[in-house]
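1. Quick one: sequence plus predicted model below, questions after.
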Amino acid sequence: MTLLIKGGRIIDPSQQIDMIADLLIDGGDVKSIGDSLRDDGAEVFDARGSVVAPGFIDLHVHLREPGEEHKETIASGAAAAVAGGFTSICAMPNTKPVNDNASVTRFIIDKAREAGLTRVYPVGAITRESNGEELAEMAELKEAGAVAVSDDGRPVMDSQVMRHAMEYARDHGLVVVDHCQDLHLAAGGVMNEGRYSTLLGLKGMNRAAEENHVARDIMLADVTGARVHIAHVSTAGSVEMIRRAKRQGLAVSCEVTPHHLALTDAAAIGFDTNTKMSPPLRSEEDRAALFEGARDGTIDAIATDHAPHHSDEKMFEYDRAPFGVIGLETALGVALTVLYHAGAVPLPRIIEMLTIGPAQAFSLPGGTLAIGSRADLTVFDPDREWTVDPQRFKSKSRNTPFTGWRLRGAIAATIIGGREVFRSE
Ligand SMILES: [Zn+2]
């Protein structure tokens, strides 16, 4: 089976490629890139006017299965992923039951294979049931296919447990992913602590609650030599600490979400519970620091923190609604609109944060169009405008803060192992 992608702008930051060319896929792998490649009976895909990039990789997705299939299933999440251009996603372990053992890990891998869409890499728990006390069997998780460990959403508060977790993870070649939040400092908070929380009369979470754990994790990365990935950085202070840690040569990486790039805590005016997430939307200064981190390479990855919730749950008053928003199907449009079209970050750098950046952070395959690598590709139109209509999402959930937004940048096709798994109408 051969597929010839003709005339697209091929951008592959892993090889510093940015050129108009053809790309030939044969037997599921990238066969060649060049001018006027001959089709010789290959199926032809006309990519003129589109960007052809390595398949996008999302390090942070909540698939909700097992346990909360009314919010999302592995199949519906995988469909949302390919509609958003993601050929690989990492599934967070806070399912019911928690992915703290090989049987849950294998269940996720089997279900993902059945769905036959995006590649799904499970993230195992750091501690049993993510209770923050006893370490999970990381050797067993790794053996079953987990690529990293995290207690996302229920951060490990005990620093000694975290230290041991890092030592254990290091010995098993696993990255430790942390949702950095001092639960005592953040207790009761529902949005960023600042002018708007005062204005709205809502309890705030101070940036110190995040930065406290970012600082701790960097110190522990130094002490243990472990690889540490800071999930969804949201404050200027976090970005600066990570920048310094990288300069020091520590194995620290980080990700940012599209919603933290696009929105600030001012969005909570009107009490739309789709502006409630953890970490919360921050101030304009924090947002500017995230942009700077995206520009200068401090930020490795754009990750969605796709967190489906049923509309009945999000319908509660702001204080009681659950944290989290979905993001797989709006990630590219939001990223291009706020970073690229606004003139803040060049297109190849944005693609880097969606491809080789996340691949390297977790040592995942993919993220490149190198000859001989498997043909995972995302084809998108960087200029096509569309309006976000949650009713059209493949995700089972609708909790997006971007309803009605006019976005510029749309997925044209998603190809995995040479097979087209999504094409826009
Ligand atoms: Zn999180």
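-> The structure has been received and is ready for your questions. From a predicted model like this one, the values you see are computed outputs, not experimental measurements. Numbering: from 1, shown residues only.

2. Tell me which residues of stretch 85-96 come out buried.
-> 85-95 (16 or more other CB atoms under 10 Å). From N, CA and C alone the C-beta is placed, and that goes for glycine too.

3. Of these, which is the nearest to Val388?
-> Set against Val388, the nearest of the buried residues of stretch 85-96 by CB to CB is Gly85 (15.3 Å).

4. Hmm, Gly55 and the closest one touching each other?
-> Yes: judged on CB atoms under 8 Å, Gly85 makes contact with Gly55 at a distance of 7.5 Å.

5. Columns pLDDT on top of the buried residues of stretch 85-96, output as JSON lines?
-> Formatted as JSON lines, the buried residues of stretch 85-96 follow (pLDDT from 0 to 100):
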{"residue": "Gly85", "pLDDT": "98"}
{"residue": "Phe86", "pLDDT": "98"}
{"residue": "Thr87", "pLDDT": "98"}
{"residue": "Ser88", "pLDDT": "98"}
{"residue": "Ile89", "pLDDT": "98"}
{"residue": "Cys90", "pLDDT": "98"}
{"residue": "Ala91", "pLDDT": "98"}
{"residue": "Met92", "pLDDT": "98"}
{"residue": "Pro93", "pLDDT": "98"}
{"residue": "Asn94", "pLDDT": "96"}
{"residue": "Thr95", "pLDDT": "96"}
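
6. Could you restrict the residues you listed to the ones contacting the ion?
-> Taking CB under 5 Å from the ion as the test, the ion is in contact with none of these.

7. Name the nearest of the residues you listed relative to the ion.
-> Lowest distance from the ion to the buried residues of stretch 85-96 (CB to the ion) belongs to Met92, with 7.5 Å.

8. and the closest one, what does it touch?
-> Met92 makes contacts with 60-63, 123, 150, 152-153, as judged by CB atoms under 8 Å, 6 or more residues apart in numbering.

9. can you narrow the residues you listed to ones near the ion?
-> Asp152.

10. Take the contacts of Met92 and keep only those in strands.
-> The strands, defined by DSSP state E, take in 60-61, 123, 150 from the contacts of Met92.

11. Farthest-apart pair in those residues, please.
-> Val61 and Ser150 (11.9 Å).

12. Phi first, then psi, for Arg154.
-> phi -130, psi 70 (degrees, to the nearest 10).

13. just to revisit the earlier point, anything in contact with each of Gly85 and Gly55?
-> The contact lists of Gly85 and Gly55 share 378, 414, where a contact means CB under 8 Å, 6+ apart.

14. between the ones in strands among the contacts of Met92, which is closest to Thr2?
-> Nearest member of those to Thr2, counting by CB to CB, is Val61, at 31.5 Å.

15. so what's that closest one up against?
-> By CB under 8 Å, 6+ apart, Val61 lies in contact with 77, 81, 89-92, 304-306, 328.

16. can you list those in CSV and add distance to Cys180 and secondary structure?
-> Converted to CSV, those look like this (distance: CB to CB, whole Å; DSSP: H, G, I helix; E, B strand; the rest coil):
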residue, distance to Cys180, secondary structure
Gly77, 24, helix
Ala81, 25, helix
Ile89, 21, strand
Cys90, 17, strand
Ala91, 20, strand
Met92, 15, coil
Thr304, 18, coil
Asp305, 13, coil
His306, 19, strand
Leu328, 23, coil
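
17. Quick one: name whatever helix or strand follows the helix or strand bottoming out on mean pLDDT in the chain.
-> In the chain, the helix or strand scored least confidently by mean pLDDT, DSSP states H and E is helix 311-314, which has a mean of 88. On the C-terminal side of helix 311-314, the closest following helix or strand by DSSP states H and E is helix 331-335.

18. Need the contact partners of the next helix or strand after that following helix.
-> Next along the chain after helix 331-335, taking DSSP H and E as the criterion, comes helix 347-354. Residues outside helix 347-354 that contact it (CB under 8 Å, 6+ apart) are 11-13, 18, 51, 53-54, 56-57, 85, 256, 294-295, 297, 299-302, 331-332, 335-336, 339-340, 378, 382.

19. Just the buried residues of those residues.
-> 11-13, 51, 53-54, 56-57, 85, 256, 294, 299-302, 331-332, 335-336, 339-340, 378, 382.

20. In helices, which of those residues appear?
-> 294, 331-332, 335 (DSSP state H).

21. And the residue of the stretch 151-300 of the chain closest to the ion?
-> Counting by CB to the ion, the stretch 151-300 of the chain gets nearest the ion through His179, at 3.5 Å.

22. Might one say that that residue is in contact with Met157?
-> No: counting by CB under 8 Å, His179 does not reach Met157; the two are 11.6 Å apart.

23. Name the residue in the two with the higher neighbour count.
-> It is His179, of His179 and Met157, that has more neighbours when counted by other CB atoms under 10 Å, with 22 against 15.

24. re the thing from before, show me what contacts the residue of the stretch 151-300 of the chain closest to the ion?
-> 150-155, 231-232, 278-279.

25. Do you know the pLDDT at it?
-> Here the pLDDT value assigned to His179 is 97.

26. Identify the residue nearest it in space, chain neighbours excluded?
-> Leaving out its chain neighbours, the residue that sits closest to His179 by CB to CB, 6 or more residues apart in numbering is Asp152, at 4.5 Å.

27. Could you list which residues are in contact with that neighbour?
-> 60, 92-94, 123, 177, 179, 231.

28. again with Ile326
-> Contacts of Ile326 by CB under 8 Å, 6+ apart are 80, 304, 306-308, 393, 395, 397-400.
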